[in-house]
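Trainee: fold the following and give me the result.
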Amino acid sequence: MAELMEWPCLDEYEKLVIRMNTPRVVVDNAVSASTTVVKVDSARKHRILLEAVQILTDLNLSIKKAYISSDGRWFMDVFHVTDLNGKKLTDKSVISYIEQSLGCIHHVRSNSFNGLTALELTGTDRLGLLSEVFAVLADLECNVVESKMWTHNGRIAALIYVKDCDSGNPIEDSQKINRIEGRLRNVLKGDNDIRSAKTSVSLAVTHTERRLHQMMFADRDYERKPIIRSASESPVVTVQNWLEKGYSVVNVQCKDRTKLLFDVVCTLTDMQYVVFHATINTSGDKAYLEFYIRHTDGTPISSEAERQRVIQCLQAAIERRASEGVRLELSTEDRRGLLADVTRTFRENGLNVTRAEISTTSEIALNVFYVTDAMGNPADPKIIEDVRQKIGLGNLKVKELPLINHREAERDEPTVGVGGAVLLSLGSLVRRNLYNLGLIRSYS
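Mentor: Residues are numbered from 1 along each chain as shown. So this is what the prediction gives:
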C-alpha cells in the first residue's frame with residue numbers, strides 16, 4: 001500500500017523537474033518597431049548560450065541586439081533579430097520553428113548529415129588546392145553532397161560530406177577510407193606542408209561551422225601571420241580583469257555581419273569559458289559586444305599570456321568568415337565530377353577560392369564560391385566573365401556580398417565602446433539586462 005502511495009508523488013516530482021528544465025520561449029513582434037524579439041528563460045547549463053545562438057544563426061537571422069544574463073542556476077536572454085533584408089519575422093513556420101527548437105534546447109538534436117561520410121581536411125592554402133581535392137574525390141568515386149571550406153592566415157580547413165557514387169551509401173569500407181585519406185593527405189602536403197597537413201574520416205559529425213572553428217583552432221591559425229593583408233578593418237578586442245567581482249571583461253568592436261555572435265560565443269565556449277553576462281549592440285555597420293566571462297572552474301583569466309591568447313583567438317574567429325573576393329553562385333543539375341570541373345576552371349584562370357559552401361538539393365547543385373586573384377587581390381572582371389562563359393552564363397552568376405540591412409540602431413541605450421567605460425558595476429549591468437529582459441520596469 002505504501003508503494004502505491006509513493007507513485008503519484010514521484011510523477012508530480014518528475015513533472016516539476018520537466019517544467020523547471022524546459023525553456024520558456026517567447027517570440028514577440030509587438031515590443032520593437034524594427035526587430036522581432038526572442039526571449040528565452042531556462043535553467044542554466046554549460047553551452048546553452050551557444051546552442052541558442054546556433055539555432056538563430058542557422059536560420060540566417062541577423063542579431064541586432066542581445067542581452068544575456070546568467071545568474072545562479074537560471075539563464076535569461078533576449079535577442080532582437082531580423083531577416084537578412086532587415087525585416088521583422090512574419091513567416092509563421094519560421095516563428096514556430098524558433099519556438100520549438102529553443103524550447104527543446106536541452107535535448108540533443110540529430111544532425112542532418114546522417115547517411116554521409118565526413119572528411120576533415122586542414123593544411124596550407126594555395127592556388128588550386130580545392131580543385132585538386134575535388135579531382136581526387138571524383139577519381140575515387142566519392143559524390144560530394146555538402147561541404148564548407150574556410151581559409152585564414154594562409155591555412156585552409158574543409159569539412160566535406162560524401163557518399164559512394166554507385167551505391168549512394170556512406171563510405172565504410174576501411175580500404176577505401178585509407179585510400180581517400182592517403183590521396184588527400186598527399187594533396188594537402190604539396191611541397192611545403194609535410195608536418196601540418198591533416199585528414200580524417202568520420203561518421204559522427206558535430207555542427208559543421210562549429211567544427212570548422214575547432215579545426216582551425218587546433219591548427220593554431222591564430223598564431224600565424226597573414227600572407228596577404230586584408231583591406232578590411234581588423235576587429236578590435238580588449239580583455240580586462242575585474243578582480244573585485246571575479247570576472248574577465250571581453251570587449252569586441254568590429255564590422256557587423258551575420259553569424260558574428262555565433263563565431264565569438266563558439267570560440268569562448270570551446271576555450272572553456274562561460275559567459276555570465278553580455279550585451280550586444282549594432283550601430284550602422286558596426287557591432288559592439290561585451291562579455292563577462294569566467295573559466296568553467298569559476299576563475300577569471302589569470303595571466304598576460306592567456307589574455308593575449310584570448311584576444312588572438314577571438315580576432316581569428318571573426319576573420320575566418322570575413323568574405324574576401326567576388327561571390328559566385330553556381331546553380332545547375334548535379335553530376336559526377338561537377339565540382340572538379342568548376343574548380344579546375346577557376347584554377348586555370350588564376351582564381352583562388354577563399355571560401356566555399358557546397359550543397360545539393362533534389363539533384364540540383366547550389367554552390368557558393370568567394371574568389372580573388374592568385375595574390376588575394378580583387379579578381380579582374382574580364383576573367384570572371386571568361387570563367388562564366390566556360391561554365392555557363394546561366395549557371396554561374398556574380399552576386400554582391402550579402403549585405404546586412406543596417407538600420408539606424410534603436411537608441412535604447414548608449415553604445416559601450418572598447419576600453420573606456422568597460423568596468424561598469426555588476427549591479428548596474430544586471431539591472432540593465434533585467435530591464436531589457438522585461439523583468440523590471442526601470443534600471444535607473
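
Trainee: going forward, measure contacts between C-alpha atoms and count neighbours the same way
Mentor: Will do.

Trainee: run through the protein and note the low-pLDDT ranges.
Mentor: For the chain, residues meeting the criterion pLDDT under 70 lie at 1-21, 71-72, 105-113, 191-195, 203-205, 227-232, 400-444.

Trainee: helices along that one, start to end?
Mentor: Under the criterion DSSP state H, the chain carries helices at the ranges 2-21, 48-58, 92-103, 129-139, 174-189, 208-218, 260-270, 304-320, 338-348, 381-391, 426-436.

Trainee: closest one to Ser69 among those helices?
Mentor: Each of the helices of the chain has some distance to Ser69 by C-alpha to C-alpha; the shortest is helix 426-436, at 6.5 Å.

Trainee: hmm, back to that, mind putting the helices of the chain into a markdown table with distance to Glu357?
Mentor: Output for the helices of the chain, formatted as a markdown table (distance: least, C-alpha to C-alpha, whole Å):
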| stretch | distance to Glu357 |
| --- | --- |
| helix 2-21 | 36 |
| helix 48-58 | 14 |
| helix 92-103 | 23 |
| helix 129-139 | 12 |
| helix 174-189 | 19 |
| helix 208-218 | 11 |
| helix 260-270 | 17 |
| helix 304-320 | 14 |
| helix 338-348 | 11 |
| helix 381-391 | 18 |
| helix 426-436 | 36 |
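
Trainee: now, of the ones you listed, which is deepest in the fold?
Mentor: Across the helices of the chain, averaging neighbours per residue (mean count of other C-alpha atoms under 10 Å) puts helix 260-270 on top, at a mean of 22.

Trainee: that one to helix 304-320, inter-axis angle?
Mentor: If you take axes from the mean of the first three to the mean of the last three C-alpha atoms, to 10 degrees, helix 260-270 sits at 140 degrees to helix 304-320.

Trainee: which strands and helices lie in contact with helix 260-270?
Mentor: Here helix 260-270 touches helix 48-58, helix 208-218, helix 304-320, going by 3 or more C-alpha pairs under 8 Å, 6 or more residues apart in numbering; DSSP states H and E.

Trainee: and the gap between Glu319 and Glu209?
Mentor: In this view, Glu319 and Glu209 are 14 Å apart by C-alpha to C-alpha, to the nearest Å.

Trainee: correction: the previous question concerned Val265.
Mentor: According to C-alpha to C-alpha, Val265 and Glu209 sit 12 Å apart.

Trainee: thought Leu89 was touching Thr36?
Mentor: Yes. Between Leu89 and Thr36 there is a contact at 6.1 Å, judged by C-alpha atoms under 8 Å.

Trainee: the two: which is more packed in?
Mentor: Counted by other C-alpha atoms under 10 Å, Leu89 and Thr36 do not tie: Thr36 has more neighbours, with 24 against 19.

Trainee: which ones are touching the more buried one?
Mentor: Remark: with contacts taken as C-alpha atoms under 8 Å, 6 or more residues apart in numbering, Thr36 is in contact with 27-30, 80-82, 88-89.

Trainee: please name the bridge partners of it.
Mentor: Beta-bridge pairing of Thr36 under DSSP bridges involves Val81.

Trainee: mind checking how far it is from Arg309?
Mentor: Counting by C-alpha to C-alpha - Thr36 and Arg309 are separated by 36 Å.

Trainee: and for Ile98?
Mentor: 35 Å.

Trainee: list the buried residues of stretch 345-363.
Mentor: The neighbour-count check on stretch 345-363 (16 or more other C-alpha atoms under 10 Å) flags 345-347, 350-360 as buried.

Trainee: between those residues, which sits nearest Leu61?
Mentor: For those, the closest approach to Leu61 (C-alpha to C-alpha) belongs to Glu357, at 17.7 Å.

Trainee: chain neighbours aside, what residue packs nearest to that closest one?
Mentor: In space, and not counting its chain neighbours, Glu357 is closest to Lys148: 4.6 Å by C-alpha to C-alpha, 6 or more residues apart in numbering.

Trainee: swap in Tyr370?
Mentor: Distances taken as C-alpha to C-alpha, 6+ apart place Arg327 nearest to Tyr370, at 4.6 Å, with adjacent residues excluded.

Trainee: OK, contacts around the residue nearest to Glu357?
Mentor: 158-160, 208-209, 355-358.

Trainee: mind doing that once more with 7 Å?
Mentor: By C-alpha atoms under 7 Å, 6 or more residues apart in numbering, Lys148 lies in contact with 158-160, 356-358.

Trainee: circling back to that earlier point, overlap in contacts, Leu89 and Thr36.
Mentor: Thr82.

Trainee: so for stretch 314-330, first residue to last residue, what's the gap.
Mentor: The straight-line separation of the ends of stretch 314-330 (C-alpha to C-alpha) is 32 Å.

Trainee: ditto for stretch 279-297
Mentor: Note: stretch 279-297 ends 23 Å apart using C-alpha to C-alpha.

Trainee: residues of that stretch that come out buried?
Mentor: Neighbour-count burial for stretch 279-297, counted by 16+ other C-alpha under 10 Å, picks out 279-283, 285, 287-295.

Trainee: how far does that stretch sit from the chain's center?
Mentor: A distance of 16 Å separates the C-alpha centroid of stretch 279-297 from that of its chain, computed with C-alpha atoms, centre = their mean, to the nearest Å.

Trainee: give me the contact list for it.
Mentor: Outside stretch 279-297, the residues that touch it by C-alpha under 7 Å, 6+ apart are 64-68, 247-256, 272-278, 300, 406-409, 415.

Trainee: what of stretch 355-372?
Mentor: So stretch 355-372 is contacted by 145-151, 323-334, 351-354, 378-379 (C-alpha under 7 Å, 6+ apart).

Trainee: narrow those residues to those that are buried.
Mentor: Judged by 16+ other C-alpha under 10 Å, buried ones among the contacts of stretch 355-372: 145-151, 323-332, 334, 351-354, 379.

Trainee: next step: these restricted to strands.
Mentor: Judged by DSSP state E, strands contain the following of these: 145-151, 326-332, 351-354.

Trainee: list the contacts for His152?
Mentor: So His152 contacts 221, 320 (C-alpha under 7 Å, 6+ apart).

Trainee: tell me the bridge partners for it.
Mentor: Residues in beta-bridge contact with His152 (DSSP bridges): Arg155.
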